[in-house]
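1. Just need the structure, nothing else, for what follows:
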Amino acid sequence: MNSNDKNDKNKIIVLEDEKKLLLDHDYDGIQELNHPLPKWWNFIFYTSCLFGLGYWAYYSFLGGPTQRDDLKQEMVGITAKQDEYKKLNSQYNEAKFAEFDKPENLLKGKEVFANNCVQCHEDGGYGNIGPNLTDDYWLVSKGNPETNYNIVYSGSEANGMPAWGEVLSSDDIYLALVYVKSLKNTFHPKGKEAQGEKVVEQQEQQQQ
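-> Take a look at the predicted model:
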């Protein structure tokens, strides 16, 4: 095969309507067609370049917020929501406890107790590190749902009771208290020795 045959083979076949696209040069007999990019593609490309330039200038020189600024702003919103939640749930709500204080919630309350409280109060609430919850003596609270809620939510550092308000939801705390209420004065045979002060129910006081 001579050089002329090679050149003939490499030459592009140009259709009639493509002659206007033929570039005015060749390399080793190879010619090129110039197929321009679609206008919509060029528009998107140059628009993206302009946007990128403006984006870079805004965040580099014109005071655009950094990721740290965005984080601080988000944390302000999160803190506000946390404060609102604490205001709504840090104090005992008698009406809300009444909604949970139903027989059908007893097993749910027992489950919450089993998942979070047995380490200190044992299964059945008869006490281990923490006090016995089945007798009529109470170390920190007065044994009623209101004082129990406050102790569970805020804890008692002096007595080794952790604060569960930021761990458990308000609903879970009420469910646990429903179960604790069912343990009160059941006097478990393995019960830990009495701690704190004896709390006499109002009915007992009236009978006396």
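
2. List phi and psi for residue 124.
-> With angles defined as degrees, to the nearest 10, residue 124 sits at phi 100, psi -10.

3. Ignoring the adjacent residues along the chain, who's closest to it?
-> Using C-beta to C-beta, 6 or more residues apart in numbering and skipping residues adjacent in sequence, the residue nearest residue 124 is residue 188, 5.6 Å away. Placement of C-beta: from N, CA and C, glycine included.

4. ok, now which ones touch the one you found?
-> The contact partners of residue 188, by C-beta atoms under 8 Å, 6 or more residues apart in numbering, come to 124, 125, 126, 132, 134.

5. which parts of the host helix or strand of residue 69 are buried?
-> For residue 69, the element it lies in under DSSP states H and E is helix 67-89. Buried residues in helix 67-89, counted by 16 or more other C-beta atoms under 10 Å: residue 89.

6. Contacts for that helix next, please.
-> Contacts of helix 67-89 (C-beta under 8 Å, 6+ apart): 65, 153, 165, 170.

7. ok, back up a step: next, the residue nearest to residue 124: secondary structure please.
-> Judged by DSSP: H, G, I helix; E, B strand; the rest coil, the three-state class of residue 188 is coil.

8. gap between it and residue 162?
-> Distance, residue 188 to residue 162, using C-beta to C-beta, to the nearest Å: 23 Å.

9. and if you look at residue 36?
-> Applying C-beta to C-beta, the value for residue 36 to residue 162 is 71 Å.

10. which of these two has more neighbours?
-> Between residue 36 and residue 162, residue 162 has the larger neighbour count (other C-beta atoms under 10 Å), namely 14 against 8.

11. any low-confidence regions in this structure?
-> Applying pLDDT under 70 to the chain flags the ranges 1-18, 29, 202-208.

12. could you redo the last one with a cut-off of 80?
-> Within the chain, the stretches with pLDDT under 80 are 1-35, 85, 201-208.

13. need the strands for it, in chain order.
-> Secondary structure of the chain by DSSP state E: the strands cover 22-27, 30-33, 137-138, 197-198.

14. Dump the first one to PDB, keeping only the CA atoms.
-> What follows is the C-alpha trace of strand 22-27 in PDB, where atoms were taken according to Å, rounded to 0.1, in the frame of the first residue of the first chain:
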ATOM      1  CA  LEU A  22     -14.900  21.300   7.400                       C
ATOM      2  CA  LEU A  23     -11.900  22.900   9.100                       C
ATOM      3  CA  ASP A  24      -9.300  24.500   6.900                       C
ATOM      4  CA  HIS A  25      -6.400  22.300   7.900                       C
ATOM      5  CA  ASP A  26      -5.400  18.700   8.000                       C
ATOM      6  CA  TYR A  27      -2.800  16.500   9.600                       C
END
